[in-house]
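**Student:** The following comprises the amino acid sequence and a computationally predicted model.
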Amino acid sequence: MQEQTSKALSAFAGKRNEVIPMLQAVQNEIGYLPEEAIREIAEIIGMPESKVYGTATFYSQFYFSPRGKRTVKVCLGTACHVRGGMQVMEALEREMDIKAGETTEDFKFSLERVNCVGSCALAPVVMVDDDVFGRVVSKEAKEVLKQSDPEV
Amino acid sequence: MTQKFDLIEKEARETWENTENSNTPHIYIGCATCGNATGAQSVVRTIKKKLEEEKVDAVVKEIGCIGMCFAEVLVDVIKPGQPRISYHGVTPETAEEIVESYLVNDDHRPDLALGYFGKSGPDDIERIDTGDVFKNQQRVILKNCGNIDPENINEYIAHGGYRGLAETIGKKQEDIINILKDSNLRGRGGAGFPTGRKWESCLRPQADQKYVICNADEGDPGAFMDRSVLEGDPHSVIEGMIIAGYAIGSSKGYFYVRAEYPLAIRRLRKAIEQAKEKNLLGDNVLDSDFCFDLEIFQGAGAFVCGESTALVMSIEGNRGWPKPLPRPRTTEEGLWGKPTLLNNVKTFSVVPQILSKGADWFKNIGTAGSPGTAVFALTGKIKRSGLIEVPMGIELGKIIREIGGGILDDKKFKAVQTGGPSGGCLPEDKLDLSVDFDTLVKAGSMMGSGGMVVIDESTCMVDIARYFLDFTFEESCGQCVPCRQGTQQMLTVLNDICEGRGREGDIEHLLELGDSIIKGSICGLGQTAPNPVLSTVQYFRDEYEAHIKDKACPALVCKNLIMFHIDEEKCTACGRCRKACPVEAISGEKKVPHKIDQNICTRCGICFSECPERFSAVDRLTGKEKLAATSGKEG
């Protein structure tokens, strides 16, 4: 992990305004922001660790614990909301036995709500990593997971 | 300056004309995010493979979004001397058929075609550009989207691109700003501030450095206009920013783009490189003294960063906190304390056309107070969802009825929501309103950045207000009390109303809270957060009252106020609902009508959607009906 962090941060000069791009680079590499990485960024920039952490927690893009291998994103933008996105979310929560924002015990899936993936014409939309499932109805929840991981 | 550009333009035109006029068929595939989500990439692969197998020579182009999202995947074929025929709902299978039938042979397959563009075409398919979807539209900002290859700068130049920039360089800065002032262009981010005045207030201050920022942090849930422009015509935005840099005396610009828009970011990167190669961006633009550099900053997911001072804080590497009042204007003291010009994607993208075609051309479109066009992402319960561009002043109802084709499943229209979490919902009797900045605000909504969500009778207006409040509460940065605490209090009241704990006086309480939040918040997020509640109370007060007084949700949405019930006479005991019920709340066996145990039922609604339409044995009950049924044997 140390190696991955260093690799992700090697391209930066360590300027103050690089905090967010550095956090993004680490997360792209590791999948979340481990404590050590935040410490390292703080050291490189010369800024208190608390301040880096404070910036990171402000933005919804950043995670602070390991994520599932695949991320199931349920769109709850306005178009998906009026077309029944919430029912789909509830069905997925039941099927995966976790709540939105959580990760399954076997680290196969994380479940997330997102505000608009911009495919409103296909509402309600579920994305599994980059695969998009459009016009999903709640009873298809299991099918979505199955297609994403044959072992489900 | 124009001399050098004349050469660039000539070369681009020639390249474009050579491919256009060649004897090779052209195939355009809509490959914006919406198209890709529907499977455009596999259609691209299939078409390329099939062309190779059949040994057909054709130019395959991945283009941006033409706006007909309802018809994705869209494949357009132009054979030499033939009109552009558009095929809709294309799958890899039908893509093979199109290649075989129309490109190998000469059958244009009316069964798969949506229609054709242009004056003449086959009799058995419709003309699209004069049909319902396009006849009320006027494409200015979107003119290139879906028509050119966004990854090829020559195509942009061949369509008049960078001419505005070429004519700008060498001119006096004041003259450029005067053209914009004269055009009366108003910012397309939502508030409609006069663009020319903003540029002027950024030109005035003396500073060693100034910045130009393009706000592409499109965070409205239900909106994708800016993304579509960036994906379909990135050069138009870049050109607008370079012109802005020249006009205010800045040498550095930033794109602030949502990280959730990977395709837009990739296309922008490519476009920036291409513009640099042509000497349209970077050092000594078109051999002049003017230097301008562009950088992309990826937003990390915070709606409040759409606010100018918060966005600036974010680029500087901080929490995206709006600066407290009183604060200097960003145009005077913005990024790193320097004068900073911040405009929306669509504002920048229309600037080059205004400069090359003139202020009068622009003023002739739209209304006197709001000239130009409006781009909307038309979504929700509408037959034809999509990205549309209409002249300002068009009647609201025309957009929904004609361009959108009316309500999905022929249900009853209830409201149209514009302006996202800062806007409001307008009812049926407001459909004759003119779509422009001022009229919509007067009616209790706003233009916003361009989300337009159509709502039908099956949506609860209290629930939709709660949905938006939940969003703004989550996205409130937490700095000022009216917004942080106020949205939370409003949300609590709305939750109570939706969950059957509504009390007399709640509506007045919401109005009072809303008023305080608007007056006391320090930034636009808080100042507009109550709008969805205020407008739904204004136009749909009866729904609030039904929730509070009768404990009824007229739209049958709010879970605590509805129950599912099986009509014994209609139930044929097919067992589908029983098997589908995730919590085993349904009992019954073969030939015995099924029953729902209300104590176990979580009101997920699966039984309702599972029951075949020919039986329709599952009812939803609410209010007094519900009480009557629960007091019966199912108790």
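**Tutor:** Nice, I can see it. Numbering: from 1, shown residues only, chains lettered A, B, ... in the order given.
**Student:** Can you pull out the residues in contact with stretch B:132-142?
**Tutor:** B:67-68, B:128-129, B:145, B:188, B:228-229, B:232-233, B:236, B:346, B:349-350, B:353, B:365, B:372-373, B:375, B:384, B:386-391, B:394, B:398-399, B:402-403, B:405 (CB atoms under 8 Å, 6 or more residues apart in numbering or on different chains). To be clear about C-beta, it is placed using only N, CA and C from the backbone, and glycine gets the same treatment.
**Student:** Repeat that for stretch B:560-573.
**Tutor:** Against stretch B:560-573 from outside (CB under 8 Å, 6+ apart): B:498-500, B:547, B:551-553, B:556, B:577, B:586, B:588-596, B:598, B:601, B:603, B:605, B:607-608, B:615-623, B:626, B:629-630, B:634.
**Student:** follow-up on the earlier one: can you flag the buried ones in the contacts of stretch B:132-142?
**Tutor:** B:67-68, B:128-129, B:145, B:188, B:228-229, B:232-233, B:236, B:346, B:349-350, B:353, B:372-373, B:375, B:384, B:386-391, B:394, B:399, B:402-403, B:405 (16 or more other CB atoms under 10 Å in any protein chain shown).
**Student:** before we move on, the earlier item: out of the contacts of stretch B:560-573, which are inside strands?
**Tutor:** B:Ile586, B:Lys595, B:Ile596, B:Val618, B:Asp619, B:Arg620, B:Leu621, B:Thr622 (DSSP state E).
**Student:** Paired strands for the helix-or-strand element of chain A with minimal mean pLDDT, with orientation please.
**Tutor:** Here the helix or strand of chain A ranked lowest by mean pLDDT, DSSP states H and E is strand A:131-133, holding a mean of 83. Partners of strand A:131-133 in the sheet, by DSSP bridges, are strand A:126-128 (antiparallel).
**Student:** Mind checking the pLDDT average for the partner strand?
**Tutor:** For strand A:126-128, the mean pLDDT works out to 91.
**Student:** now swap in stretch B:440-457 and tell me
**Tutor:** 91.
**Student:** what about it, how long is it end to end?
**Tutor:** 22 Å (CA to CA, to the nearest Å).
**Student:** buried sites along it?
**Tutor:** Buried-residue list, stretch B:440-457, by 16+ other CB under 10 Å: B:440-441, B:443-456.
**Student:** among those residues, which are in strands?
**Tutor:** Those of those lying in strands (DSSP E): B:Gly451, B:Met452, B:Val453, B:Val454, B:Ile455, B:Asp456.
**Student:** which of those residues come close to chain A?
**Tutor:** Counting by CB under 8 Å from any CB of the partner chain, B:Gly451, B:Val453, B:Ile455 from these sit close to chain A.
**Student:** now, which of those residues sits nearest chain A?
**Tutor:** B:Val453 (4.6 Å; CB to the nearest CB).
**Student:** quick one, what contacts A:Ala121?
**Tutor:** Counted by CB under 8 Å, 6+ apart, A:Ala121 has contacts B:Cys34, B:Cys69, B:Phe70, B:Glu72, B:Thr379, B:Ser385, B:Gly386.
**Student:** Domains of chain A: list them as residue ranges, please.
**Tutor:** Per automatic domain parsing, the domain ranges recorded for chain A read A:2-58, A:70-148.
**Student:** in what helix or strand does B:Tyr256 lie?
**Tutor:** Assigned by DSSP states H and E, B:Tyr256 belongs to strand B:252-258.
**Student:** now B:Ser201
**Tutor:** helix B:195-203.
**Student:** between the very next helix or strand once past that helix and helix B:195-203, how big is the angle?
**Tutor:** Next along the chain after helix B:195-203, taking DSSP H and E as the criterion, comes strand B:211-216. Interaxial angle, strand B:211-216 versus helix B:195-203 (axes from the mean of the first three to the mean of the last three CA atoms, to 10 degrees): 140 degrees.
**Student:** Counting by contacts, list what strand B:211-216 packs against.
**Tutor:** helix B:225-232, helix B:234-248, strand B:252-258, helix B:308-315, strand B:340-344, helix B:345-357 (3 or more CB pairs under 8 Å, 6 or more residues apart in numbering or on different chains; DSSP states H and E).
**Student:** export those to TSV and tack on distance to B:Glu14 and mean pLDDT?
**Tutor:** As requested, those are exported to TSV (distance: least, CB to CB, whole Å; pLDDT from 0 to 100):
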stretch	distance to B:Glu14	mean pLDDT
helix B:225-232	24	93
helix B:234-248	18	98
strand B:252-258	30	96
helix B:308-315	40	95
strand B:340-344	34	97
helix B:345-357	20	96
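**Student:** Those into JSON lines, with extra columns for distance to B:His159?
**Tutor:** Formatted as JSON lines, the helices and strands packed on strand B:211-216 follow (distance: least, CB to CB, whole Å):
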{"stretch": "helix B:225-232", "distance to B:His159": "12"}
{"stretch": "helix B:234-248", "distance to B:His159": "10"}
{"stretch": "strand B:252-258", "distance to B:His159": "22"}
{"stretch": "helix B:308-315", "distance to B:His159": "31"}
{"stretch": "strand B:340-344", "distance to B:His159": "22"}
{"stretch": "helix B:345-357", "distance to B:His159": "11"}
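**Student:** Tell me which of those lies nearest to B:Leu433.
**Tutor:** helix B:225-232 (20.2 Å; CB to CB).
**Student:** I'd like to know which elements the closest one is packed against.
**Tutor:** Helix B:225-232 sits against helix B:33-38, strand B:211-216, helix B:234-248, helix B:262-277, helix B:345-357, strand B:373-380, with contacts defined as 3+ CB pairs under 8 Å, 6+ apart.
**Student:** Looking at those, which is nearest to B:Pro194?
**Tutor:** Among the helices and strands packed on helix B:225-232, the nearest to B:Pro194 by CB to CB is helix B:345-357 (10.8 Å).
**Student:** Show the backbone phi and psi for residue 94.
**Tutor:** No chain was given, so I picked chain A. Note on A:Arg94: backbone dihedrals following degrees, to the nearest 10 are phi -70, psi -50.
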